[in-house]
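J.: here's my sequence, what's the structure:
(3 chains)
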Amino acid sequence: MFSFTIRSFFQKLATLFFISIVSFLVVYLAPGEPSQIDPLNPKFTAEDLARFRAEFNLDKPLHVQYYLFYKNLFTGELKSWKDNQPVLGKVKERFMNSLWLFIIGTLITWCLSFPVGISAAIKRGSFFDRSTTFVAYVLISIPSFFFAYILIDFVVKTFSISVIGMQTFGMQSASPVYQVMDRIWHMVIPSILGALGGIALLSRYVRAQMLEVIHQDYIRTAKAKGLSEDMVNYKHGFRNALLPFVTMFGLILPGLIGGSVIIESIFAWPGMGRMGFEAILARDYPIILTINFIAAVLVLIGTFISDLLYMVVDPRIRL
Amino acid sequence: MERTDEHTKELHLGMADEVSRFTEAWRIFRKNRPALWGMIIFIIFFIVAVVGLVLTYGNDPVLDPAKVRLSEKLLQPFSPVNTEMIRLEDKPFLNMYLLGTDDLGRDIFARMMQGAWVSLTVGFVAVGISVLIGIVLGGLAGYYGAVRITLMDVLGLIAVSVSLIFLASGQGDLSVRAFLIAGVCMIFSFAYYVFVRGRRNHKMLGFLFVDTFTVDTLIMRFVDVMLCFPSFFLILTIVAVLPASIYNIMIVIGMTSWMGTARFVRAEFLSLREQDFVSAARVMGISDASIIFRHMIPNAVAPVLVSATIGIAGAILTEAALSFLGFGVPPPHATWGNILSNGQRFLYDAPWLIYIPGLSILVVVLSFNLFGEGLRDALNPKLRKR
Amino acid sequence: MLTKKILIFLPVLIFVILLQSFFWAPTYDEQVRGNPHRLEEFITASSGDAKILNPVLNADSASSTIVGQVFDGMIDRDEELKFRGRLATGWDIYEEAYFYINPEATIDGKRMAGPEEIKELILARRGKGIIRDSSLQDALSNIKNIEIIHAQTSERDIQLPGPDQNGDGLPDAVTVRVRLAPPPRLKITLKSVDQDFFKYLEGILGKGYFETFPSDRYAEILTKGQEDKLSVTAREVLPAIEHNPVILFRLREGVRFHDGHEFDAGDVRFTYQSIMDTRNLSPRIPDYEPVKRLEVMDKHTVRIVYKRLYSPAFGTWGMGILPEHLLNAEALRKEAEAKGSDPDTFTMRDSDFNRRPVGTGPFVFREWKSDQYIALDRNEDYWEGPPNYRRYTYRIVPDLLTQEMEFYGGAIDDYGVQPHQVARLKNDPRYQHFSSLSFGYSYIGYNMRRELFRDKRVRKALGMAIDTDKIIKYVMYDQAERITGPFVKQTDYYDKSIKPLPYDPEGALNLLHEAGWKKNSDGMLEKDGKIFAFTLITNNGNPIRKNILTIAQDAWKKIGIDVKTDLVEWAVFIGKYVNTGKFDALVLGWSMGIDPDLYQIWHSSQTNENQLNFAGFVNKEADDLIIKIRQEYDFDKQVAYSHKLHRIIADEQPYTFLFVRKATAILDKKIVIREYSESGEEIIRRISPTKTGNYTYYFNKWIKLATSPEFDTE
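T.: Numbers count the residues shown, from 1 in each chain, chains lettered A, B, ... in the order given. Sure, this is the predicted structure:
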């Protein structure tokens, strides 16, 4: 157990090192220059441009740039090219914003997927099962921005109410109750939209898992013993079906950054995904690389946790 | 255990069993109503795409998706042509805009027809690339996974990649130098395999041929590295920095989505490798290539097919999402994704510009997904039992 | 069964909590729900965030908007686009002209080397009305004062361009030491700037008086091995003539920065020094490079002396003035120490000031949440009286459609309305709308280095093949006007009598025939066996440019030109195509200043890589006029030169000038102007744009009412 942990840790560290190299190369070898070196500023001379380039270390050889970049990242001195703000501070602020959306989204996903998946499995082949299956497929097939626009259009046109951003603007002097409720309201639609894909996938997975379990011998035995349907399904069935999902807790972490670009752009939500997208447009290399790096760290931590959980939950597994 | 039996049987009986397996799968598939519908829509879509290609191809096509008629902009579906404003040769097919026009007065019907083919191509080529990479790397890891590579090979690999990096950053002379080093490494490596391997007493440069790690480790670590990138963000970064072109988008989507295929091809190969019919084949002296292509790939192809079908759906969605962010397939190609993202500005003025491509994407992607799932159920003997 | 109950109850609970919040959020019609102060806040939306809130460092439009509210410049433009004092209450512009006595020259057959003699001569000519030439008479009566300067012998180091040794393709600087022993010099103070003054003076002193001044006789190079540079050096350090325009600003008294510190001449000097401090990397350096020195005369008077004639210089003083006490070396050192940074490398760019600026403007900075909003409060002590709105909020909403939705939701008061939305919203009874021409224009630019576009007739034909009026009507929804040349259309510099190119494909074909292009059997134009084909590019992300691209391609195809189009990502577009000059034709826009200086975009010296005359426009006559305009301080003369230049450019057609956009604003009708009469009575009136169409000119008097007001019909 201990040796596995250590070995796994160093393996992940090595992976991280390679990721840092690959992502650095992808970004730095790209054509085009950061928008700060805006060559269409009519009054920039060649010397001004050279000075900007020196400021961003762009005049140095690649490996030196690589070294400087990660040195600055770890010492916290890395600054965004766009506004000279420390990258870590910016990322932290955005991270907290994304976190809220993520928590609500995850909550919705997990709370909804289980009841739906379990019922579908128990009533296999019923209308409920077939319709939820179909809806699940529709949800993973619909382009998210298309759906978002339809939904926003509907809400805004019907209720004339603001749904964009983290709060309704001009609320700063309202009482705290109004402000809190307003903030919650603004989280409703984006978090539901963000959760849809997850609900579809997870409920399908729960259904499959549950089906597997209720065909096991011990469930049949329990039924034969005359235990009530609910008792069998929820006590014996659900608990055993739950097992694999414990390990999935680790794997939801990366979702924090992954698919949020579009939802955050549409809803003007100042989160990580949108920051990343804007950084791409502005060629703000430090931000792009930092987000990639953090995403990689999250994935690695996630898999690490899920490996550990797997071992704890299922002692037969020896990795 | 039952799988072993099946495969052994196959080795003996050959083709006859193939046919019965196919009819068996079809029997199961036919019962799955949504999957059947999925397949029907899939086929219709395919026909539409081909017809679309024919009708919109060439200099003077029947349906011209690029014809600008500014006076006819933002017309509703089924609008007739305003004959006073339009020159005779600019008239659309059937003298009517079946699905309306966009902000430049281009015929949406023509654009949708062209877009069907382009979207389909994007999906197929991207998935083709990803499946190819997945099978090659997964197969290597699965079949030759246990082979260890020497330090010299590692040095060679590093030199090749350094050379490529220098090439990409425009330092040609350094690139050539690194490439020469790589070449030297390869020659040494080759010489080692031919002359020295097997003899224990290599003294001088022995340390260079110390075994390091296995092929499996190398490939699977690489898969891990790729999986660590947030995929959509990575695609976006690359597409944003590359010149916009339909080929780049297909390549980038393909290059960033092969990891799943690689993983289960490896798993399939690992399990197949241990099966009796493969061992038997090896004992009979059949070459590796022949084993892989004649026996292993056909057996691993079913799950690849399933994931490819679903992968096409994913690629179409990814292209639409990229279009939405302004990095999709550039004009003159129309795709459903860029019709949708162009039309999004006119949500209040011309809602059909959003609903027509949006719903089309939904229906087609849905059909691919249902079809893929149905295939999985039909082809996976393990699930059949339930 | 507890598990089952939890499984059902939990999602229901979560959804109830989430959805009930709907009843607390304010709607468009009830913006004051739970929040009565909403009416005193103005919220505007932009798709991009500000970068740096410092008037000497910012370069993007979002930052400029905020900086404009927080800082005041010395001057700005009034309703008629004339200059108006802000932090300055008044100013004088005059000139100090210098020339060296030329001992070689003969005047009226006599050799006159004494400075007193020359001075007397000039004064004598001015005094009597004996000169028949009236313009010379005018030039002389412009003289206020003449002084004689006897120079001392001195030694100086100067930098000269030398051979390129570090291999960057640019000449390296060589330092040369010179000893100067110049002859006496006359300093003539003129009442107003006159770029032709020395020309008139030659009328008295004789032709070639200044040209023949032997400057190398008075200089000696001391650095070994560089003696061959003598004549270049001497011309540089001892120019025969020198124009030194002077601006004298009188500053407003009693103005305070938002932190209570009083504004004075020191702050003006500090702002100038901050720009010129190369460590700050200010993008404004080129604007202020012509400044020779800035002198603080007293607490409320500043005198700025320029090295040479440069009329755009005055307009640059619209830039916001920084508070010296918060940003001087001492303050920065303290901040660096508090942050634990190295004080030697800590510059203004690193200061937190750029995230929470302090100025003298009508609004006080309160808060900035990156990519969310920037919030300002009104300045209660503003010297012109506080604005009506208590708050000004600048929201960042990246997606254009969501901006529109937020506007309907009532969470935005103002946003950049797209042309196609204007048509729809104009007729909505809830809104009022204002249109004004913007300061920029869109064009199709041709690369005149290419053989294909070298012929004027070809460029003209390409322009005539495009139906610009149709573009304006259908792409711009009439939210644009045609433009024929490079000046801002609503200024006097723009010559309104010049007719735009007609839409005439037949005429275009005739012109192309004249230029040697004939239709071949495929219907394509051909000359010397080559088909007329090129690539038209623009950047992606701009739907209007994309539409122009498509329309142009279609229009040219019709007359038999094979045009390929390409959309390129902005950074690549600029870096790989525009800057290197590796393009055929492009669709792009210029955003202009009001000043008529066109040097960077149209002068023939600006055609190299990374310079802005990427179209490669070279025209001797235009060059002369461009120089004359930037050296002319008299408005009427500038206008005359500009009209001439406009005509040349319109005739040459290096660009197909398309249109200048109209910016249309849609506002809620509840937003009005509120003023108080002298008796303290409240007067509510409708918002009215100025003559130039600027509706935000009276922004500080705007306020939002709870209900839509009724006005008498106008």
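
J.: show me what the top helix by length along chain B is packed against.
T.: Counting residues, the longest helix found in chain B (DSSP state H) is helix B:108-143. Packing partners of helix B:108-143 (3 or more CB pairs under 8 Å, 6 or more residues apart in numbering or on different chains; DSSP states H and E): helix B:33-56, helix B:215-227, helix B:246-255, helix B:259-273, helix B:297-324, helix B:336-343, helix B:352-379. Using the backbone N, CA and C atoms, a C-beta is placed for each residue, glycine as well.

J.: pull the distance from whichever helix or strand comes after that helix to the chain's centre.
T.: Using DSSP states H and E, the helix or strand that follows helix B:108-143 in sequence is strand B:148-150. Centroid separation between strand B:148-150 and its chain, computed with CA atoms, centre = their mean, to the nearest Å, is 31 Å.

J.: where does residue C:439 sit: helix, strand or coil?
T.: Here residue C:439 is strand, with the state taken from DSSP: H, G, I helix; E, B strand; the rest coil.

J.: got the phi and psi for the residue in chain B positioned nearest to chain A?
T.: Nearest to chain A, among the residues of chain B, is residue B:241, at 3.3 Å (CB to the nearest CB). As for residue B:241, its main-chain torsions (degrees, to the nearest 10) stand at phi -90, psi -20.

J.: okay, it: pLDDT?
T.: With respect to pLDDT, residue B:241 has a value of 73.

J.: just give the nearest non-adjacent residue to residue 110, would you?
T.: With no chain named, the answer covers chain A. Excluding the flanking residues, the one nearest residue A:110 by CB to CB, 6 or more residues apart in numbering or on different chains is residue A:202, at 7.1 Å.

J.: I was after chain B.
T.: Nearest one to residue B:110, counting by CB to CB, 6+ apart, is residue B:63 at 3.6 Å.

J.: quick one: residues contacting the one you found.
T.: For residue B:63, the contact set (CB atoms under 8 Å, 6 or more residues apart in numbering or on different chains) comprises B:52, B:55, B:56, B:92, B:93, B:107, B:109, B:110, B:113, B:114.

J.: so which strand or helix has it?
T.: Under the assignment given by DSSP H and E, residue B:63 is not contained in any helix or strand.

J.: ok, residue C:375 next?
T.: If you go by DSSP H and E, residue C:375 is part of strand C:373-378.

J.: mind listing what that strand pairs with, with the direction of each?
T.: Taking DSSP bridges as the criterion, strand C:373-378 pairs within the sheet with strand C:363-369 (antiparallel), strand C:391-396 (antiparallel).

J.: how far off centre is the last one?
T.: When you say that, I think you mean strand C:391-396. That offset, for strand C:391-396, works out to 24 Å (CA atoms, centre = their mean).

J.: residues making contact with it?
T.: Counting by CB under 8 Å, 6+ apart, A:165, A:169-170, A:172, A:268, A:270, C:37, C:40-50, C:62, C:65-66, C:69, C:363, C:371-378, C:406, C:411-412 sit against strand C:391-396.

J.: try 6 Å this time
T.: Outside strand C:391-396, the residues within contact range by CB atoms under 6 Å, 6 or more residues apart in numbering or on different chains are C:41-46, C:49, C:66, C:363, C:371, C:373-377.

J.: helix or strand right after that strand?
T.: Counting by DSSP H and E, the element after strand C:391-396 in chain order, helix or strand, is helix C:400-409.

J.: and that next one, what other elements does it pack with?
T.: Where contact means 3 or more CB pairs under 6 Å, 6 or more residues apart in numbering or on different chains; DSSP states H and E, helix C:400-409 is packed against helix A:144-159.

J.: and the next element down the chain from the helix it packs on?
T.: With secondary structure assigned by DSSP H and E, helix A:144-159 is succeeded by helix A:176-214.
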